[in-house]
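Peer 1: Need coordinates for the below:
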Amino acid sequence: MNKKTIITILLALVALASCSSDPQWADEEAHEKTEQLRKQYTPIIAGTWHVEYIKDKGRFFERLTFSADGTFTGMRKWQTRKLVTIDGKEQYTDWQEKEDYNGTFTGTWKLSWERDKEGAPGANRLWLSAVFDENHDKTYYAYDLNALFIHADETTLSFTGGFVPNGVDGETVYTRGDAEPSF
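Peer 2: I've put the predicted structure just below:
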């Protein structure tokens with residue numbers, strides 16, 4: 001054997017010996033924290049949640065049903081009205097459906113831990129991606145959201161970035177249960 005062949009064989013053996021069947025994560029800390037987050041909260045989040053928010057000019061209801069396999073379904077009813085002046089008297093218009101934001105939808109969800117900007121601590125995230133199932137001429141996203149995951153327990157689920165911030169610091173807080181809109 002010539003020297004070139006021996007070197008090639010040795011390099012191949014070194015490469016094979018250094019291969020591992022264990023996956024190598026680009027960010028081992030993020031992977032470990034994501035796995036811990038999913039183990040802790042997936043069983044709690046799996047199930048049905050709802051939120052209802054009613055104000056003078058808007059009313060909103062949403063129900064989300066999360067499955068442990070990372071899929072979810074939802075239903076949203078959103079109506080608005082305006083305060084107008086007619087003959088010098090203020091009155092509200094009739095309720096109108098908020099176009100392209102109502103209906104049922106399906107999608108995927110996941111929890112992850114991500115690093116924030118350089119030097120800042122990381123954060124727990126809730127990803128929601130879903131499209132409306134019907135009644136739309138085009139594909140409309142019901143969700144395309146990378147939210148800050150705040151908390152989940154047996155009664156409440158909260159994250160930022162929802163449509164109706166009804167909690168502190170811009171959180172949207174859902175209540176467990178399969179409810180229907182009151183309007």
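
Peer 1: Longest helix in the protein, by number of residues?
Peer 2: If you go by DSSP state H, the chain has its longest helix at helix 28-45.

Peer 1: Please work out the average pLDDT along that helix.
Peer 2: The predicted model assigns helix 28-45 a mean pLDDT of 96.

Peer 1: what does it rub up against?
Peer 2: By CB atoms under 8 Å, 6 or more residues apart in numbering, the residues outside helix 28-45 that reach it are 25, 66, 68, 109-115, 122, 124, 149, 152-154, 157. Where you see a C-beta, it was placed from the backbone N, CA and C, and this is true even at glycine.

Peer 1: okay, V168: pLDDT?
Peer 2: Reported pLDDT at V168 in the predicted model: 83.

Peer 1: Relative to T175, how far out is it?
Peer 2: Taking CB to CB, to the nearest Å as the measure, V168 and T175 are separated by 16 Å.

Peer 1: Of those two, give the one with the bigger neighbour count.
Peer 2: T175 (13 against 9; other CB atoms under 10 Å).

Peer 1: Helix or strand for the more buried one, just tell me which one.
Peer 2: When secondary structure is defined using DSSP states H and E, the element that contains T175 is strand 171-176.

Peer 1: Given that strand, what are its sheet partners and their directions?
Peer 2: Each strand that pairs with strand 171-176, with its direction, by DSSP bridges: strand 47-54 (antiparallel), strand 156-160 (antiparallel).
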